[in-house]
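Chemist: task: produce atomic coordinates for the following.
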Amino acid sequence: MTATTATATPTILAAPTISRPTNVVPALALRRLALTIRSPRAVAIPVLAPVLFALIVAPALGNTLGTPGQHRTYMTFVALAAAGLLIPVNCMFSGLGVLTDRQQGAMRELLVAPIRRSSIVLGNLLAALVITTLQVTVLIFAAALRGAHFHSGRHLLWFAAAAVALAVFVYGLAETFATKITNAEEYTGLVPPIAIVPFFFAGTLYPITSLPAWLDGIAKVLPLTHAVALFRYGLTPQGTQALHNIWGMSDPTRMALLSLAVVVAYAAITLTVAIRLFTKSGTN
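Modeler: Residues are numbered from 1 along each chain as shown. The predicted model follows:
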């Protein structure tokens, strides 16, 4: 009898493939943009009031309050203030979309996906910035066609930086409230005190020096006051006065840097709080 010995072939295990984490923020931003575009009202309504303000109210105030040779200057003054209304209103309504998505959309699927929770917040923020940029561009062009006079050049960067920082600040608040609040009606009730009330105390329609002394101090703390001053410094030759009303200095660049630092600090705080709260709520 012949014995046959079977030689066992060793099994070679393939090395596990390590996948590199990809940046999902752009994809999440496109998803949020697609959801927003489905409802044109969400894009049109926030820009409607500021555009009407720039096209109708600003020229009327310029003709009424400004001297015959200065009505165009005052119209430009007020038209830029409309940006200080548009940005907060749009960013707050963006938070309402996040709240709705969490209740009725695919937010639960995103929370169990293998991605960082902060990526969801940053994707939503990027989408809000894109929409806000388009709306502010429409506002500026509409005001220019109506007769407002804006300067271009390197100072435009001050306007852009202030607009982005203000948008991040307000969206941080919006995301925070959208995480903590479960009722859309309750969230909507927060829009006026956050996005509209500060507009009247931030040097938008009149210099903050026209306010009572105690209210002047409050206005200087508001990030919107610093943002609007930077708007005017970036797009108008008279913008230095708005910064001087806040800081009382003679160096415009230094005052602009200080105001930008204030808005950026507010933005960093609210965005950090929003990410931490969202991460904590998603974990729970």
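Chemist: check which helix or strand covers Val98.
Modeler: Using DSSP states H and E, Val98 sits in helix 71-104.
Chemist: so what's the residue most central in space within the chain up against?
Modeler: In the chain, the centroid-proximal residue (CA atoms, centre = their mean) is Ala167; its distance is 1.6 Å. Applying CB atoms under 8 Å, 6 or more residues apart in numbering, we find Ala167 in contact with 87, 91, 128-129, 132. Where C-beta positions appear, they are placed from N, C-alpha and C, glycine not excepted.
Chemist: nearest to Phe141, of those?
Modeler: Nearest to Phe141, judged by CB to CB, of those is Thr132 at 15.0 Å.
Chemist: neighbours of the closest one, just the number please.
Modeler: Neighbours of Thr132 under the rule other CB atoms under 10 Å: 26.
Chemist: that one: what secondary structure?
Modeler: helix (DSSP: H, G, I helix; E, B strand; the rest coil).
Chemist: right, and it touches Asn90 too?
Modeler: Yes: counting by CB atoms under 8 Å, Thr132 does reach Asn90; the two are 5.1 Å apart.
Chemist: hmm, who's touching the helix or strand where Asn245 lies?
Modeler: Asn245 belongs to helix 239-247 when assigned by DSSP H and E. Here helix 239-247 makes contact (CB under 8 Å, 6+ apart) with 155, 203, 207-209, 220, 225-226, 228-233, 249-250, 252, 254-256, 258-259.
Chemist: helix or strand right after it?
Modeler: Remark: after helix 239-247, the chain's next helix or strand is helix 252-283, criterion DSSP H and E.
Chemist: in the helix holding Asn245, what counts as buried?
Modeler: 239-240, 242-247 (16 or more other CB atoms under 10 Å).
Chemist: just these now: which is nearest Leu139?
Modeler: Closest to Leu139, out of all of the buried residues of helix 239-247 and judged by CB to CB, is Gly239, at 17.2 Å.
Chemist: now do the same for the nearest residue to Phe201 once chain neighbours are set aside: its pLDDT.
Modeler: Using CB to CB, 6 or more residues apart in numbering and skipping residues adjacent in sequence, the residue nearest Phe201 is Ala219, 4.9 Å away. Predicted confidence (pLDDT) for Ala219: 92.
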